[in-house]
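Trainee: Predicted model follows, preceded by the sequence.
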Amino acid sequence: MHRHADASAQASAWLTQLARREEFRAYYQYELSVAPGWKVGGWGPWSFRDPRVVRCAACEAAMRPLLTISSGALDGSGWDPVDDRDNDEDIGIQIGRSYEMQLYYCPLSFEHPHREVMQ
């Protein structure tokens, strides 16, 4: 039991040290935490904007991500589906200057208008 606690403390210290390094934060964001491409649900990515809550224009409720539409093709990273890793075909979608567009919905009423955020 004591050996497990020591290993856990060592792993925690190592991760804390890594998290302080700028290159690890970039690696974590782009390789481990934010999957590229189109997605349904999940969380809205924040790239050149500070994170903020998207509010419903009708009732001020915090809105939820419905769909993320990404520019360009998959990049061959580990996030790509195995069947698509050799397929470098560009799908021809361009959002702004290679941005992503997120569509948000109000969880209180589907009758409320959706919102778009481009990043």
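Mentor: Nice, I can see it. Numbers count the residues shown, from 1 in each chain.

Trainee: Strands of the protein, residue ranges please.
Mentor: Secondary structure of the chain (DSSP state E): strands located at 39-40, 64-70, 100-105, 115-118.

Trainee: now what about the first one, what contacts it?
Mentor: Contacting residues not belonging to strand 39-40 are listed as 66-68 [C-beta atoms under 8 Å, 6 or more residues apart in numbering]. The C-beta positions use only the backbone N, C-alpha and C, and glycine is treated the same way.

Trainee: Let's see if you can find the most crowded of those residues.
Mentor: residue 68 (22 neighbours; other C-beta atoms under 10 Å).

Trainee: For the nearest residue to residue 113 once chain neighbours are set aside, give its distance to residue 106.
Mentor: The shortest distance from residue 113 to any non-neighbouring residue, by C-beta to C-beta, 6 or more residues apart in numbering, is to residue 57 (5.9 Å). Counting by C-beta to C-beta, to the nearest Å, the gap from residue 57 to residue 106 is 9 Å.

Trainee: Among the two, which residue is more densely surrounded?
Mentor: Between residue 57 and residue 106, residue 106 has the larger neighbour count (other C-beta under 10 Å), namely 22 against 11.

Trainee: so who does the more buried one touch?
Mentor: Contacts for residue 106 (C-beta under 8 Å, 6+ apart) come out as 56, 58-59, 61, 63, 112-114.

Trainee: can we see that at 10 Å?
Mentor: Under the criterion of C-beta atoms under 10 Å, 6 or more residues apart in numbering, the neighbours of residue 106 are 54-64, 112-115.

Trainee: My understanding was that residue 69 contacts residue 44; is that so?
Mentor: No. At 11.9 Å, residue 69 and residue 44 do not qualify as touching, with contact defined as C-beta atoms under 10 Å.

Trainee: tell me the contacts of residue 62?
Mentor: So residue 62 contacts 53-56, 104, 106-108 (C-beta under 10 Å, 6+ apart).
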